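**Student:** sequence first, predicted coordinates after that:
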Amino acid sequence: MKNLSIINKIAFFFNIVLAMLTFVAYLLPFLAPKMFPFLSVLTLVMPLMLILNLVFLFYWLLQFKRQVLLSAFVFLIGITFFNKFYKFSGKDLIVEDNDFTVMSYNVRLFNVFEWMSKQNISEDIVDFVASQDPDILCIQEYSTSADVKFSDYKYKYILMQGDNIRTGQAIFSKFPIIEKGEIDFPESDNNVIFADIKMRRDTIRVYSIHLQSTKISPDINEKIDEAKSKKIFRRMSEAFKEQQLQSELIKEHKNECHYPMIVCGDMNNSAFSYVYRNIKGNMNDAFEEAGEGFGKTYDYEFYPARIDYILTDKRFEVKNFKSFDNFVNSDHFPITTRLMLKQEE
């Protein structure tokens with residue numbers, strides 16, 4: 001430190017603070033949000049912290065300063081987190097007869113309350129789904145008020161709830177649905193639905209999940225003062241505690257299922273969170289297996305937020321994953337994956 005200039009001393013101070021926060025964030029996926037709800041907010045900015053550590057690494061490296069060791073150590077410890085928010089390359093796609101495709105999409109009630117000024121959103125969504133032609137379609141924040149018809153699907157399960165504002169979830173399938181149900185969350189408008197689908201000779205279970213929202217506006221022009229910041233952090237902390245309970249209910253329900261499972265939907269939390277880790281268990285994340293780039297699923301203008309997922313049982317081979325972040329008809333983007341159920345030998 002003695003040989004550092006004033007600027008470098010200030011830079012190293014912030015480097016140390018960042019390193020400490022990053023180490024805390026590394027531990028948070030293993031700690032229940034009820035224990036440290038305020039600190040859980042750090043999981044949302046984990047990608048930014050990794051990038052800033054990388055910036056510091058190159059900053060010290062270019063000056064041949066030994067302070068580079070701190071950022072190098074932090075980054076190397078967290079290297080396994082890197083694939084959760086950025087993939088340098090996907091998979092070479094080989095299409096086979098037994099493949100099937102799954103789409104998950106939070107449609108924000110098809111814009112029935114006109115949050116977006118764009119016209120004909122419901123028609124655009126229907127046309128987009130038809131163009132992608134997924135075999136199984138999971139929709140969160142579904143609305144019957146929009147009178148949307150996905151006519152290519154013979155089988156469906158739609159669950160609506162609420163009094164004044166009716167919202168729900170839907171699973172559409174080209175394969176027969178032989179059983180269906182829901183996981184009800186206490187004191188929440190959010191829930192989970194599932195469908196057992198007969199696919200050729202096999203039966204699989206598909207969950208569509210929608211966890212408690214943090215209610216953070218993506219509007220970067222909104223003025224944030226100290227009081228507003230405290231309110232946002234308090235709201236997020238409460239949401240993460242509710243999500244913990246919801247994730248535990250999902251985990252318990254999954255443990256009772258013996259079918260190969262697919263979990264789709266909007267977790268309203270990052271891939272670095274306790275909630276994500278709790279639901280994922282030993283499943284594969286389709287983005288990590290076959291995605292490319294940031295896999296952005298939520299419409300923050302300058303931040304590649306990934307809060308929507310398709311998780312698959314290890315009995316599935318993930319052959320492709322795509323996030324359509326140029327299709328802006330909701331505050332979320334649709335995601336798709338191509339899968340093949342491995343045959344037991």
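**Tutor:** Received, thanks.
**Student:** hang on, residue 262 in a helix?
**Tutor:** No: assessed with DSSP: H, G, I helix; E, B strand; the rest coil, residue 262 is strand; it does not lie in a helix.
**Student:** burial of it, as a residue count?
**Tutor:** 25 (other C-beta atoms under 10 Å). Just so you know, the C-beta spots here come from the backbone N, C-alpha and C atoms, and that holds for glycine as well.
**Student:** gap between it and residue 309?
**Tutor:** 10 Å (C-beta to C-beta, to the nearest Å).
**Student:** assumed residue 318 was part of a strand.
**Tutor:** Yes: counting by three-state DSSP, residue 318 is found in a strand.
**Student:** for it, which non-adjacent residue is spatially closest?
**Tutor:** Residue nearest to residue 318 in three dimensions, not counting chain neighbours: residue 289, with 3.8 Å by C-beta to C-beta, 6 or more residues apart in numbering.
**Student:** which element is the one you found on?
**Tutor:** helix 286-290 (DSSP states H and E).
**Student:** swap in residue 194?
**Tutor:** strand 191-199.
**Student:** number of residues surrounding residue 326?
**Tutor:** 6.
**Student:** list the contacts for residue 317?
**Tutor:** 339, 340, 341, 342 (C-beta atoms under 8 Å, 6 or more residues apart in numbering).
**Student:** rerun at 10 Å
**Tutor:** 91, 96, 98, 99, 284, 289, 290, 338, 339, 340, 341, 342 (C-beta atoms under 10 Å, 6 or more residues apart in numbering).
**Student:** just residue 203 next, same as before
**Tutor:** 175, 176, 178, 179, 196, 197, 258, 259, 260.
**Student:** how about the second one, nearest residue that isn't a chain neighbour?
**Tutor:** Distance criterion C-beta to C-beta, 6+ apart; nearest residue to residue 176, sequence neighbours excluded, is residue 198 at 4.5 Å.
**Student:** how close does the one you found sit to residue 173?
**Tutor:** 9 Å.
**Student:** pull the residues that contact the helix holding residue 289.
**Tutor:** 83-87, 89-93, 102, 104, 262, 264, 271, 280, 284, 293-295, 297, 306, 308-312, 316-323, 335-339.
**Student:** any idea which element residue 172 lies in?
**Tutor:** Assigned by DSSP H and E, residue 172 falls in strand 167-173.
**Student:** give me the angle between that strand and strand 191-199.
**Tutor:** 10 degrees (axes from the mean of the first three to the mean of the last three C-alpha atoms, to 10 degrees).
**Student:** Three-state assignment for residue 74, please.
**Tutor:** Quick answer, by three-state DSSP: residue 74 is helix.
**Student:** buried ones in stretch 155-170?
**Tutor:** 155, 157, 159, 167, 168, 169, 170 (16 or more other C-beta atoms under 10 Å).
**Student:** residue 168 reaches residue 210, doesn't it?
**Tutor:** Yes: the criterion here is C-beta atoms under 10 Å, and residue 168 meets it with residue 210 at 9.1 Å.
**Student:** which residues are in contact with both of those two?
**Tutor:** Joint contacts of residue 168 and residue 210 (C-beta under 10 Å, 6+ apart) are 139, 140, 141, 142, 189, 191, 193.
**Student:** pull the CA atoms of stretch 200-220 into PDB?
**Tutor:** Extracted in PDB, the C-alpha atoms of stretch 200-220 (Å, rounded to 0.1, in the frame of the first residue of the first chain):
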ATOM      1  CA  ARG A 200     -45.400 -41.400 -26.600                       C
ATOM      2  CA  ARG A 201     -44.500 -44.300 -24.300                       C
ATOM      3  CA  ASP A 202     -43.500 -42.200 -21.400                       C
ATOM      4  CA  THR A 203     -45.100 -39.800 -18.900                       C
ATOM      5  CA  ILE A 204     -43.400 -36.600 -17.800                       C
ATOM      6  CA  ARG A 205     -44.400 -33.900 -15.400                       C
ATOM      7  CA  VAL A 206     -44.300 -30.200 -16.300                       C
ATOM      8  CA  TYR A 207     -44.500 -27.500 -13.700                       C
ATOM      9  CA  SER A 208     -45.200 -23.900 -14.500                       C
ATOM     10  CA  ILE A 209     -44.200 -21.700 -11.600                       C
ATOM     11  CA  HIS A 210     -44.700 -18.000 -10.700                       C
ATOM     12  CA  LEU A 211     -43.000 -16.900  -7.500                       C
ATOM     13  CA  GLN A 212     -43.600 -13.800  -5.400                       C
ATOM     14  CA  SER A 213     -42.700 -10.600  -7.300                       C
ATOM     15  CA  THR A 214     -40.200  -8.100  -5.900                       C
ATOM     16  CA  LYS A 215     -42.300  -5.400  -7.600                       C
ATOM     17  CA  ILE A 216     -39.200  -3.500  -8.900                       C
ATOM     18  CA  SER A 217     -40.000  -1.200 -11.800                       C
ATOM     19  CA  PRO A 218     -37.600  -1.500 -14.800                       C
ATOM     20  CA  ASP A 219     -38.000   2.200 -15.500                       C
ATOM     21  CA  ILE A 220     -34.500   3.600 -15.200                       C
END
